[in-house]
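Enquirer: my questions are about this predicted structure, shown below with the sequence.
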Amino acid sequence: MIRFIKASLAILLLSLSPAYAVQPDEVLDDPVLEERARTLSEGLRCLVCRNESIDESNADLARDLRLLVRERLVAGDSDEEAVDFIVDRYGEYVLLKPTVRGANWILWAAGPMMLVLALLVALLYLRKRATAAGGAESKGLTEEEEARLKEILKD
């Protein structure tokens, strides 16, 4: 029974941990460099799988990118230099979290700008509606209108 509980617990822990596709032959001997490579790989998108990091993807291109990151780190590049090298080569789409510079600022600002625009339209609509409702109030029928109404009701 205890053996079953231990096995169940091991399966549960493995299912909760992130699944990495890093192959044993990719792992660097230096644990510090390997940790830096894993950290950088978590922020890079697999160009085949779209919303998976290259650490999670089993695609051949993801493996090539993992090896490239490790190669750049072994060559002495800083984290920024390694990421910049990959971005220069594959474009900014390779970043899971795009930067807020260049044309991307439009995308980052679009959400808040749309919210402000929607609030402005709602405010103008409510103001116009309140003004129209206030002007539509009538003070009653004129004598002619009352006479005409009585005439119509008699028929």
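Expert: Great, that's in hand. Numbering: from 1, shown residues only.

Enquirer: what does stretch 71-80 contact?
Expert: 28, 33, 36-37, 39-40, 81-82, 85-86 (Cβ atoms under 8 Å, 6 or more residues apart in numbering). The C-beta positions use only the backbone N, C-alpha and C, and glycine is treated the same way.

Enquirer: endpoints of that stretch, how far apart?
Expert: Start to finish, the residues bounding stretch 71-80 are 14 Å apart (Cα to Cα, to the nearest Å).

Enquirer: need the buried ones from the contacts of stretch 71-80 selected in PyMOL.
Expert: Paste this into PyMOL to select the buried members of these, with burial taken from 16 or more other Cβ atoms under 10 Å:
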select buried, resi 28+36+37+40+82+85+86
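
Enquirer: and the contacts of stretch 71-80, which is closest to residue 47?
Expert: residue 86 (10.6 Å; Cβ to Cβ).

Enquirer: check what pLDDT the closest one gets.
Expert: On pLDDT, residue 86 comes in at 91.

Enquirer: can you pull the contacts of it?
Expert: 44, 65, 68-69, 72, 94.

Enquirer: closest to the centroid, which residue in the protein?
Expert: residue 97 (8.2 Å; Cα atoms, centre = their mean).

Enquirer: for the chain, which spans come out with low pLDDT?
Expert: Within the chain, the stretches with pLDDT under 70 are 4, 6-25, 133-139.
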